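Student: Build me a structure from this.
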Amino acid sequence: MASQSDTARTVIHGLDFGLIEWVVDEQRQRYLRDPGSVEKTWRNFFGGPVAVTSMLRSKAAVFALTDFTEGGFCPVLPDDTVDPGKVACVLLCSGQVFHDLDAHRNATGTAIVRLERLYPFPEEELSAELARFPAMADVRWVQEEPDNQVSWSFLPPRRYRTAGRIVDCVSRPEAIAPAVGSSRRHGREQKAVVAAAFQ
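Tutor: This next block holds a predicted model:
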């Protein structure tokens, strides 16, 4: 059982700008006190080769006023745009890469499920979401960072237990740094990662 010090920190790799309000509210309700330390890993907005304004100008990142006033934080965001029974491949992702995958998707046989919270890992929520799809459907983790960094290195003890099957990783090759240092090269590699996810 995790101690309170282990669970007092929440790691969010979120994408929506209204997300932080719901994260703080969830922390307050969980511990019945002021929010704990919320560690935001919004790398795509505050670092790396992608400009901070790239998502600020994107219509995909716009959300309504009701997103601030209704509902709540969901550690796993389901894909409600596909028929679960017809899904042959489930792509798991976190962060900005979701929008790249969603824009590239042209087939109804692929579902894209977003993980908004990485720690504490949402095993129950993710297991429930994956149970909606056929047992034979491929499950792939997609990240724009190299595969020896960020989420994929954190997932190994959890991925099979949660998915109940082998989970492959689609990412850049191992590298010493998360950024390649060139926006042109980053764009080429990003397109290659997205294309590989659907192969």
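
Student: how about the longest strand belonging to the chain as CSV, C-alpha atoms only?
Tutor: Using DSSP state E, we find that the single longest strand of the chain is strand 138-146. Below are the C-alpha coordinates for strand 138-146, written out as CSV (Å, rounded to 0.1, in the frame of the first residue of the first chain):
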residue,chain,number,x,y,z
ASP,A,138,-3.5,-4.7,-31.0
VAL,A,139,-2.5,-2.3,-28.3
ARG,A,140,0.3,0.2,-28.9
TRP,A,141,1.8,3.0,-26.8
VAL,A,142,2.6,6.1,-29.0
GLN,A,143,4.9,8.8,-27.8
GLU,A,144,6.9,11.5,-29.6
GLU,A,145,9.9,11.2,-27.3
PRO,A,146,12.6,8.5,-27.7
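
Student: Just the buried residues of the following helix or strand past that strand, please?
Tutor: Following strand 138-146 in sequence order, the next helix or strand is helix 151-154 (DSSP states H and E). By neighbour count on 16 or more other CB atoms under 10 Å, the buried set for helix 151-154 is 151, 152. Heads up, the C-betas are built off the backbone N, CA and C, glycines and all.

Student: Show me where this protein has its strands.
Tutor: 10-12, 38-40, 76-77, 89-93, 110-115, 117-119, 138-146, 167-172.

Student: Let me have those strands in JSON lines, extended by mean neighbour count.
Tutor: Formatted as JSON lines, the strands of the chain follow (neighbours: other CB atoms under 10 Å):
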{"stretch": "strand 10-12", "mean neighbour count": "20"}
{"stretch": "strand 38-40", "mean neighbour count": "14"}
{"stretch": "strand 76-77", "mean neighbour count": "18"}
{"stretch": "strand 89-93", "mean neighbour count": "23"}
{"stretch": "strand 110-115", "mean neighbour count": "23"}
{"stretch": "strand 117-119", "mean neighbour count": "20"}
{"stretch": "strand 138-146", "mean neighbour count": "21"}
{"stretch": "strand 167-172", "mean neighbour count": "19"}
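
Student: among the ones you listed, where is the model least confident on average?
Tutor: The minimum mean pLDDT among these belongs to strand 38-40 (a mean of 43).

Student: which stretches of the chain form helices?
Tutor: All helices of the chain, identified by DSSP state H, fall at 4-7, 19-31, 43-46, 53-56, 66-69, 97-104, 123-130, 151-154, 156-163, 183-197.
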